[in-house]
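1. Predicted model and sequence follow; I will ask about them next.
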Amino acid sequence: MYTLHYKTPDGFSDMEMQSDGEVLTRLVFLGSRDENKLFPERNEGVSLPVFRETVRYLDLYFRGEIPDFLPPYRLVGATPFRTAVSELMLKIPYGETVSYGALGKELARMAGKEKMSAQAVGGAVGWNPICILIPCHRVIGTDGSIVGYGGGIENKRRLLALEAAHK
């Protein structure tokens, strides 16, 4: 596993990205509970093409620009359900939000079910190992509240404010 530290703009926690040498496998805010998603064995500071692409993406994003690409990534250990949730999160437009309830309704529709467990949806959103690129920060409570972000609620608030300011 290869690791690179990313210095974020003021107001955000710094980030760490990991790669298997080919694709991005983790992107998390340091100092958050998501930090436990990082693989413990790592080679730090390696310059890989996927890290350069991820840095370019993050630089654009934090400047308030909407990147028109995604660095190559792999959801290591994803179940089919987690993959489906991740694919739905990728469809949430920049500067917009979707509730956990709305995600659950769409997942139920896709599965031909009447409803989907809110806990299952919340767990799959919270499992996301690649924050910002897979925009789990755009998923909010059904009542519009800013809840449930493994990268830290303050980072989530700031990400949503950044996107709203540049929408």
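-> Received the coordinates, thanks. Predicted, not measured: the structure shown is a model, and the values here were computed from it.

2. CA atoms for contacts and neighbours, from now on please.
-> Noted.

3. check contacts around the residue positioned nearest the centre of the chain.
-> Compute the mean C-alpha point of the chain, and by Cα atoms, centre = their mean the closest residue is C131, 2.0 Å away. C131 is in contact with 27-28, 137, 151, counting by Cα atoms under 8 Å, 6 or more residues apart in numbering.

4. what do you get for S13?
-> Contacts for S13 were tallied using Cα under 8 Å, 6+ apart; they are 29-31, 155.

5. buried subset of the residues you listed?
-> 29-30, 155 (16 or more other Cα atoms under 10 Å).

6. How many residues are close by D143?
-> 9 (other Cα atoms under 10 Å).

7. residue contacts, it?
-> Applying Cα under 8 Å, 6+ apart, no residues contact D143.

8. part of a helix, is it?
-> No - using DSSP: H, G, I helix; E, B strand; the rest coil, the secondary structure at D143 is coil, not a helix.

9. any idea how far it lies from I92?
-> 18 Å (Cα to Cα, to the nearest Å).

10. How about D59?
-> Taken as Cα to Cα, the span from D59 to I92 is 20 Å.

11. where does this structure dip in pLDDT?
-> Scanning the chain for pLDDT under 70 picks out the ranges 45, 167.

12. What ranges does it have for its strands?
-> Here the chain has its strands, by DSSP state E, at 2-6, 15-19, 24-29, 43-44, 98-99, 139-140.

13. which of these sits most buried?
-> Compared across the strands of the chain, strand 24-29 shows the largest average neighbour count, a mean of 25 (mean count of other Cα atoms under 10 Å).

14. Next, the angle from that one to strand 15-19.
-> Strand 24-29 and strand 15-19 are oriented at 170 degrees to each other (axes from the mean of the first three to the mean of the last three Cα atoms, to 10 degrees).

15. where's strand 24-29 relative to the chain centroid, distance-wise?
-> On the basis of Cα atoms, centre = their mean, to the nearest Å, strand 24-29 sits 8 Å off its chain's mean C-alpha point.

16. Tell me which of the strands of the chain approaches K37 most closely.
-> strand 24-29 (7.5 Å; Cα to Cα).

17. Contact partners for the closest residue in space to P9 that isn't next to it in sequence?
-> Nearest non-adjacent residue to P9, counting by Cα to Cα, 6 or more residues apart in numbering: F62, 7.2 Å away. Residues near F62 by Cα under 8 Å, 6+ apart: 8-9, 162.

18. Farthest-apart pair in the contacts of C131, please.
-> By the measure Cα to Cα, L27 and H137 form the most distant pair in the contacts of C131, at 13.1 Å.
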